[in-house]
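Novice: The amino acid sequence is not available; the structure is as follows:
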């Protein structure tokens with residue numbers, strides 16, 4: 001008859017657990033019993049690496065001039081404007097009514113066909129006001 005406890009073998013920092021057999025009281029058939037050992041070391045190491053990289057990153061950023069960092073953020077913000085829906089709605093609102101048909105002819109958002117134009121103007125005005 002097998003032992004009631006699972007055999008645990010330790011190799012280095014890993015634990016290998018093998019199932020042990022436990023008999024069921026109702027019919028006597030053996031059922032596998034597994035033991036789970038939680039590993040919290042990897043979470044601790046990950047957190048310590050992130051903390052260390054933040055300290056190293058802050059020292060590296062101290063070497064970079066502030067004007068270059070501001071220029072990088074300005075460049076990234078200006079590059080994201082053409083795909084912004086608010087920017088597209090502002091262009092539609094301030095454009096000539098004759099040119100609005102060109103917006104519908106090209107690639108456009110579905111709301112231009114389903115939402116009334118005064119509602120688009122109102123929503124855009126509210127969003128610009130909240131900026």
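Specialist: Done, it's in. Fair warning: this is a prediction, and the values are worked out from it, not measured in the lab. Residues are numbered from 1 along each chain as shown.

Novice: okay, which residue is most central for the protein?
Specialist: Nearest to the geometric centre of the chain sits residue 50, at 16.8 Å (C-alpha atoms, centre = their mean).

Novice: tell me the secondary structure for that residue?
Specialist: helix (DSSP: H, G, I helix; E, B strand; the rest coil).

Novice: Kindly report the same for residue 39.
Specialist: Per three-state DSSP, residue 39 ends up coil.

Novice: Distance check, it against residue 50.
Specialist: For residue 39, the distance to residue 50 equals 18 Å [C-beta to C-beta, to the nearest Å]. C-beta here means a position set from N, CA and C on the backbone, and glycine is covered the same way.

Novice: try residue 103
Specialist: 45 Å.

Novice: What of residue 87?
Specialist: 35 Å.

Novice: can you check residue 123 too?
Specialist: Distance from residue 123 to residue 50, by C-beta to C-beta: 40 Å.

Novice: Stretch 84-100: how far from the chain's middle?
Specialist: 31 Å (C-alpha atoms, centre = their mean, to the nearest Å).
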